[in-house]
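>>> Output the structure for:
(4 chains)
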Protein chains: 2
Amino acid sequence: MATTHSHQDENVLEVIQARLESLNKSERKVAEAILQDPTSATRYSIAALARAADVSEPTVNRFCRSFSATGFPDFKIRLAQSIATGTPYVGQNIGPEDTVAEFADKIVLSTIASLDKARQALSYKALANAIDHLIQAKQINFFGMGGSAPVALDAQHKFFRFNIPVMSYDDALMQRMVAAGSGTGDVIVVISYTGRTREMIDIALIARENGATVIGITTPDSPLADKCTVVLGVTAPEDTEVYMPMSSRIIHLTVIDILATGVTLKRGKDFHHHLKKIKDSLKATRLRSDEL
Amino acid sequence: MATTHSHQDENVLEVIQARLESLNKSERKVAEAILQDPTSATRYSIAALARAADVSEPTVNRFCRSFSATGFPDFKIRLAQSIATGTPYVGQNIGPEDTVAEFADKIVLSTIASLDKARQALSYKALANAIDHLIQAKQINFFGMGGSAPVALDAQHKFFRFNIPVMSYDDALMQRMVAAGSGTGDVIVVISYTGRTREMIDIALIARENGATVIGITTPDSPLADKCTVVLGVTAPEDTEVYMPMSSRIIHLTVIDILATGVTLKRGKDFHHHLKKIKDSLKATRLRSDEL
DNA sequence: CCTCAATGTAGTAATATTATAAAAATAATG
DNA sequence: CATTATTTTTATAATATTACTACATTGAGG
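Numbering: from 1, shown residues only, chains lettered A, B, ... in the order given. Just a heads-up that it's a prediction; the model follows:
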């Protein structure tokens, strides 16, 4: 199962919509019948769909083939996948009239959508590169300001498990001092949504000049990205919408997860022992069920 | 499009995985054949799948029916939807042999899967309830320890925008002091993955005794949940797997997003003005493209 | 050794595809 | 502008494929 989600990513429903104009009379009837109620369409037999569209069965079959399916059943499978993939609320904005159930769903679904987008955009090469740097690090520092401060803190927690010195800073002054005091073998991970925070750019530059490795989790091609040794580009979803949450934090956290996992994996066996010890030490602070 | 993703949300792949143990010999063969390569399974005919699983066709048919499908084609459709819904790596654990691309994808996809699961499990009523409490709060405090500290910090950042006093604490001592000093009108949001952290349970109890509202973002039916005024239950995915990241943080953050959005929405119009002012004030610290 | 559940065999029904013919649309010619 | 030739589109009907059902067989547990 090397590369699961490959070519098959294109959404049939969208393709139908797009090609609707260029279809001839009968085929358009079929398209419209499907678009009108795609979910039921997946349950129709070719005869049923032909009846619904008021055309003959072979027409439906030809229609399917024209969308590069091998036949009707194959087409139905693709359609089914499209429906499932189709994030229902994508693009739909949150408004004051929404019920709790509605906007809660919209938030979760839009978060999911941006995660999926990020997945497709992530450079595995850059990730591998970043992981290599982190493994060899004498010391790791995570820098995040404002909304990225929690992300940096989270990273610190995660990396604390590997017995390298890890710190996180959310204060520009401290960051500057640490950057100034850094040197070869040190890794500094700068986290910034925009990649345009003045202070952060300065700080990254200082760290680089001192020979430290700077890994950037930020917008690709941004001023900050330019200063980094390795850039983990996170194409941020538009922030235009008033009510929409910043999904970027979530993506950044997930990138942190990937880095931490990568380091764990590469470190190999004897290291797991150490990791398990930390996990066990936490158990003591918890209440067991029989103690309630 | 009131409620798009209705009943049909359950993931067939997961159900197969779950019921794997309880199946008899032949049916398990079918299950394994499907799980081994679900994508191709959607393209198989019943005969082909029967051959792949080394069983007879009716066995496959019975297998499908046992998953409450009307027959094989119907089952295939559901399977196709499950795959598209995004969990190709469901059940598949991250291992040392994985390439960066593989485990990165697995992490993102498993995060997506748990978000989706959380969405289905979230109680809208509890959310609405929590939002009501937050709106009326004189003061809001977010408590999170260890891995939940970043979540609390993030919440503080988010709620800072509403002009109510907001603080976050990651230190048990401080939390205890704040809880002790709290009273009616105060809202304390306790964030805990397990809901079994001793300190946290004590602290929640103290806050309650002083008349404060305690909102819990934690495992439902946990000791901590019992002490809360409102519980936002987050059924946590198993933490058994060594390499798997804790997706719970991500879910918690998303819950925070929902709460913050809810508060914004309910606060209404004149409040947007205030929100926009904060956003604008941040722009000054950023580098514009023409300044590079 | 019997009973009941599990599985397979073979026949039947359903569904989809192909080949081909009819109809409609377009182009060409007088 | 009408009329025929040509191409494209669509439908009918036959065929092939695929899925389902009823029944027979096997095998496990009592």
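>>> Tell me if stretch A:217-224 is near chain B.
Yes: looking at stretch A:217-224 against chain B by C-beta under 8 Å from any C-beta of the partner chain, the contacts come from A:Pro223. The way it works is simple: take the backbone N, C-alpha and C, and place the C-beta from them, glycine included.
>>> Pull out the buried positions in that stretch.
For stretch A:217-224, a neighbour-count test (16 or more other C-beta atoms under 10 Å in any protein chain shown) marks A:217-220, A:222-224 as buried.
>>> Tell me how many other residues surround the residue lying closest to A:Leu153 once chain neighbours are set aside.
Beyond its immediate neighbours in the sequence, the residue positioned closest to A:Leu153 (C-beta to C-beta, 6 or more residues apart in numbering or on different chains) is B:Pro150, lying 4.3 Å away. Here the number of neighbours of B:Pro150 (other C-beta atoms under 10 Å in any protein chain shown) works out to 31.
>>> ok, B:Pro150 touching B:Ile250?
No: between B:Pro150 and B:Ile250 no contact is recorded; they are 11.0 Å apart, counting by C-beta atoms under 8 Å.
>>> Just put the buried residues of stretch A:217-224 in JSON lines and tack on secondary structure and distance to B:Gly71.
Rendered in JSON lines, the data for the buried residues of stretch A:217-224 read as follows (DSSP: H, G, I helix; E, B strand; the rest coil; distance: C-beta to C-beta, whole Å):
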{"residue": "A:Ile217", "secondary structure": "strand", "distance to B:Gly71": "49"}
{"residue": "A:Thr218", "secondary structure": "strand", "distance to B:Gly71": "51"}
{"residue": "A:Thr219", "secondary structure": "coil", "distance to B:Gly71": "50"}
{"residue": "A:Pro220", "secondary structure": "coil", "distance to B:Gly71": "48"}
{"residue": "A:Ser222", "secondary structure": "coil", "distance to B:Gly71": "54"}
{"residue": "A:Pro223", "secondary structure": "helix", "distance to B:Gly71": "59"}
{"residue": "A:Leu224", "secondary structure": "helix", "distance to B:Gly71": "56"}
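>>> tell me which element the residue nearest to A:Leu153 falls in.
helix B:149-159 (DSSP states H and E).
>>> Does the helix or strand just after that helix reach chain A?
As assigned by DSSP H and E, the chain's next helix or strand after helix B:149-159 is strand B:166-169. No: where contact is defined by C-beta under 8 Å from any C-beta, no part of strand B:166-169 touches chain A; the two come within 9.1 Å at best.
>>> what about the helix or strand just after strand B:166-169, near chain A?
Once strand B:166-169 ends, the next helix or strand along the chain (criterion: DSSP H and E) is helix B:172-180. No: under the criterion of C-beta under 8 Å from any C-beta, chain A is not reached by helix B:172-180; the shortest gap measures 9.7 Å.
>>> tell me what helix B:172-180 is packed against?
strand B:139-144, strand B:166-169, helix B:198-209 (3 or more C-beta pairs under 8 Å, 6 or more residues apart in numbering or on different chains; DSSP states H and E).
>>> what does that helix rub up against?
Contacts of helix B:172-180 with the rest of the structure, by C-beta atoms under 8 Å, 6 or more residues apart in numbering or on different chains, involve B:141, B:143, B:145, B:167, B:169, B:188, B:199-200, B:202-204, B:206-207, B:210, B:212.
>>> and if you look at stretch A:163-171?
Counting by C-beta under 8 Å, 6+ apart, stretch A:163-171 makes contact with A:137-146, A:148-149, A:152-153, A:155-156, A:159-160, A:175, A:178, A:274, all of which sit outside it.
>>> now swap in stretch A:215-227 and tell me
A:130, A:133-134, A:151, A:187-197, A:200-201, A:204-205, A:208, A:214, A:228-236, A:252, A:255-256, B:287, B:292.
>>> Mind giving me the ChimeraX select for the residues you listed, buried ones only?
A single ChimeraX command selects the buried members of the contacts of stretch A:215-227 (16+ other C-beta under 10 Å):
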select /A:130,133,134,151,187,188,189,190,191,192,193,194,195,196,197,200,201,204,205,208,214,228,229,230,231,232,233,234,236,252,255,256 /B:287
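>>> Inside strands: which ones of the contacts of stretch A:215-227?
Using DSSP state E, the subset of the contacts of stretch A:215-227 located in strands is A:187-191, A:214, A:230-233.
>>> from these, which single one is nearest B:Ser22?
Closest to B:Ser22 out of the ones in strands among the contacts of stretch A:215-227 is A:Leu232 (43.1 Å), distances taken as C-beta to C-beta.
>>> Quick one: residues contacting that closest one.
By C-beta under 8 Å, 6+ apart, the contact set of A:Leu232 is A:122-123, A:126-127, A:130, A:215-218, A:255.
>>> rewinding a little: can I get the ones in strands among the contacts of stretch A:215-227 in a markdown table including pLDDT and distance to DNA strand C?
Output for the ones in strands among the contacts of stretch A:215-227, formatted as a markdown table (pLDDT from 0 to 100; distance: C-beta to the nearest atom of the strand, whole Å):
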| residue | pLDDT | distance to DNA strand C |
| --- | --- | --- |
| A:Val187 | 96 | 56 |
| A:Ile188 | 98 | 58 |
| A:Val189 | 98 | 53 |
| A:Val190 | 98 | 54 |
| A:Ile191 | 97 | 51 |
| A:Val214 | 97 | 56 |
| A:Val230 | 95 | 49 |
| A:Val231 | 96 | 47 |
| A:Leu232 | 96 | 45 |
| A:Gly233 | 90 | 42 |
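>>> Nothing else from me, thank you.
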